[in-house]
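A.B. asks: structure here, sequence nowhere to be found:
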């Protein structure tokens, strides 16, 4: 990941098999993007790499452990909340049956699984995710046809 300076946080488009897991954000006026479908992830804790931030947040939010070899793509994007900082954005894929291991944390209203198309077409998705995911598809062709699990 090409970066300069400390990152602000990290998010992941986490596919379990060919479905994307998403969290409906709380509907509180004081948070960014209330009541929108979000991807797992969040803010950096001191000393963390972008991958460590993402992996910790996924474990806190969904109870899943994301191994480094699950990452298919990663990119740095300028932070939309802290000037001069960047956010890590990952696309990762794990086995479809990992859905059985989800333990939903205490942030957000609920979680759900979506196809790629259904997620990017949601009317209340966090607005910059469709473009980031389109860039991933452009760079890589999208999900492998036959995941090796």
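C.D. replies: Yep, that arrived. This structure is a prediction, so every number in the text was calculated from the model and none was measured.
A.B. asks: what bits of this protein have low per-residue confidence?
C.D. replies: Applying pLDDT under 70 to the chain flags residues 1-5, 145-149.
A.B. asks: swap the cut-off to 80 and go again
C.D. replies: For the chain, applying pLDDT under 80 flags the ranges 1-6, 80-81, 145-149.
A.B. asks: just the helices in it please.
C.D. replies: Secondary structure of the chain (DSSP state H): helices at 50-62, 116-120, 129-140.
A.B. asks: so which of these is the most surrounded?
C.D. replies: Among the helices of the chain, helix 50-62 has the highest mean neighbour count (mean count of other Cβ atoms under 10 Å), at a mean of 22. Glycine gets a C-beta too; all of them are placed from N, C-alpha and C.
A.B. asks: distance from that one to the middle of the chain?
C.D. replies: With Cα atoms, centre = their mean, to the nearest Å as the basis, helix 50-62 stands 9 Å off its chain's centre.
A.B. asks: got the contact list for it?
C.D. replies: Residues outside helix 50-62 that contact it (Cβ atoms under 8 Å, 6 or more residues apart in numbering): 1, 3, 7, 9-12, 14, 21, 23, 40-45, 48, 64-66, 68, 71, 74, 76, 87-88, 90, 102-105, 107-108, 111.
A.B. asks: buried among the residues you listed? Make that a ChimeraX selection.
C.D. replies: Selection of buried members from these for ChimeraX, criterion 16 or more other Cβ atoms under 10 Å:
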select :7,9,10,11,12,14,21,23,40,41,42,44,48,64,66,71,74,76,87,88,90,105,108,111
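A.B. asks: hmm, back to that, what's the closest of the helices of the chain to residue 30?
C.D. replies: Ranking those by proximity to residue 30 (Cβ to Cβ) places helix 50-62 first, at 19.1 Å.
A.B. asks: could I get the buried residue list for stretch 25-45?
C.D. replies: Applying a neighbour-count criterion of 16+ other Cβ under 10 Å, one finds 25, 36, 37, 38, 39, 40, 41, 42, 44 buried in stretch 25-45.
A.B. asks: hang on, residue 13 packs against residue 94?
C.D. replies: No - assessed by Cβ atoms under 8 Å, residue 13 is found out of contact with residue 94, at 11.9 Å.
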